[in-house]
Structures are given as C-alpha cells and as structure tokens.
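1. heads up, no residue letters with this:
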C-alpha cells in the first residue's frame with residue numbers, strides 16, 4: 001500500500017485542523033495540574049492531566065475520561081498485520097480526545113524487521129502531519145535514523161521523545177527541530193544520559209511521564225525539581241506552558 005493510497009482510502013476525513021465533536025467528558029487542564037505526557041495505565045487524580053497510550057487493539061479505553069495517544073508500537077509491527085493495525089490508527093485518529101499519534105518509532109533492540117518498522121512509522125508520521133497532531137516517539141538505538149527522517153518531515157508538527165535517554169548533542173539537535181524530550185524513571189539514575197541532559201537543558205522542551213515504570217508523576221516532578229533546584233510549582237507552570245505550545249491548547 002502506498003502512502004497516497006493509504007490516505008485516499010481513509011473512511012475518516014483527514015483534513016488539517018478539522019476534528020469532529022465529542023460528547024465524552026475529558027479532564028480539565030489548569031495551572032495546578034501535573035501533566036503525565038505518556039502512561040500505559042489509566043488512573044484518576046484530580047490534580048493530574050494524563051495522556052493515556054492506546055494500542056490499536058485497545059480502543060475500548062477511549063471511553064475513559066482522559067486524553068489519549070494512539071499508535072502502533074514497533075514491538076508489535078509484524079509483516080502480516082502491520083498495515084491493518086496502522087489503518088486502525090488512522091481510522092481512530094480523528095477523535096478529538098486523541099491528542100497525539102503514537103507511541104510509534106524505531107527499535108534496534110528487537111527482532112522485528114527494521115524496514116517494516118520504518119514503513120509503519122512513516123505511515124503514522126503522515127497521519128500526524130495530516131491532522132497536525134504531535135507524534136510520540138519510541139526510539140531505541142535509532143536516533144541518527146530519526147534525525148534523518150525529522151529533517152525531511154514537517155517540523156511544525158512537534159515530536160515528543162518519550163523515555164529520552166541520549167546524549168546532550170542529540171538533545172540539542174532534536175530541540176532545534178521542534179522536538180520535546182520526556183523524562184521519567186531515568187531521572188532516578190544519576191549515571192543515566194537522561195539525568196545528565198536534564199540537569200542543564202532548556203525547560204522549554206521538557207515533559208514528564210510515568211510510562212509503566214512504577215513511579216508516580218508526583219514523584220517524577222519532585223525528583224526533577226530537586227535536580228534543577230526548582231520548586232514543583234514552578235515546574236508545573238513551565239510544563240503547562242509547554243503543553244499549550246505543543247498541543248495548541
């Protein structure tokens with residue numbers, strides 16, 4: 001299936017900036033909120049706005065009172081099924097509770113065909129760019145490949161690198177290309193690249209996440225505030241500002 005055929009065959013009108021109304025109640029975002037930019041587990045917390053990751057076969061989650069991302073993870077990219085699953089992502093993506101596409105990306109640490117991973121990622125990038133929705137990135141040993149794709153992509157559409165753990169040079173290159181870096185449990189490991197980068201990087205391109213790593217978002221914010229010698233309240237305000245810029249809210 002070509003990218004052109006993929007878009008043309010869509011039952012969902014992928015028109016830039018056009019989203020159908022929804023009757024589902026979602027969370028309210030205010031300056032007091034923690035923002036959990038990427039989690040696999042739904043939880044209720046009046047002080048937290050979360051983006052719940054949904055895989056194509058988990059669309060029952062879309063009934064929950066939350067915001068969502070939907071995407072085909074590279075771990076689940078298989079030759080016989082990936083096109084159908086990406087098609088499910090495309091069909092669901094118009095829902096305005098779905099704020100982002102992903103997580104999607106490239107992973108050299110798994111046995112799945114890297115070329116098929118790349119094709120699935122490009123297809124989902126097209127969805128994100130067409131709908132002008134940010135793309136949440138899973139990237140393992142593939143930063144050079146991601147940067148090459150980013151150079152050719154629509155850089156007005158933000159990318160969010162979840163579980164970022166690369167060096168300062170890569171972080172600077174990504175930030176220059178309108179990419180946000182999301183930090184979580186790696187901040188609790190001082191020897192990690194993520195810890196070193198976060199200590200001095202500009203906060204204008206930072207998000208925090210729980211993923212499925214066992215820390216609460218409050219613990220992540222507190223850890224980040226300690227590293228930056230800041231207050232949690234100041235971090236909340238900054239991340240909320242980043243959220244508004246990234247998601248145009």
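-> Thanks, I have the structure now. Bear in mind that the values here come from a model prediction, so they are computed numbers and not experimental data.
2. chain neighbours aside, what residue packs nearest to the spatially most central residue of the chain?
-> Centroid-nearest residue in the chain, with C-alpha atoms, centre = their mean: residue 136, separated by 2.3 Å. Closest residue to residue 136 apart from its sequence neighbours, by C-beta to C-beta, 6 or more residues apart in numbering: residue 102 at 3.2 Å. Placement of C-beta: from N, CA and C, glycine included.
3. where's the one you found, which helix or strand?
-> Assigned by DSSP states H and E, residue 102 belongs to strand 98-107.
4. quick one: distance of that strand to the chain centre.
-> In this view, strand 98-107 has its centroid 5 Å away from the chain centroid, taken as C-alpha atoms, centre = their mean, to the nearest Å.
5. can you give me the buried ones in the helix or strand following it?
-> Per DSSP H and E, the first helix or strand lying C-terminal to strand 98-107 is helix 114-131. Across helix 114-131, burial judged by 16 or more other C-beta atoms under 10 Å covers 114, 117-121, 123-131.
6. swap in stretch 57-66?
-> In stretch 57-66, counting by 16+ other C-beta under 10 Å, buried: 59, 62, 64, 66.
7. against residue 124, how distant is residue 41?
-> For residue 41, the distance to residue 124 equals 22 Å [C-beta to C-beta, to the nearest Å].
8. circling back: and the strand holding residue 102, what does it pack onto?
-> strand 48-54, strand 67-70, helix 114-131, strand 135-140, helix 143-152 (3 or more C-beta pairs under 8 Å, 6 or more residues apart in numbering; DSSP states H and E).
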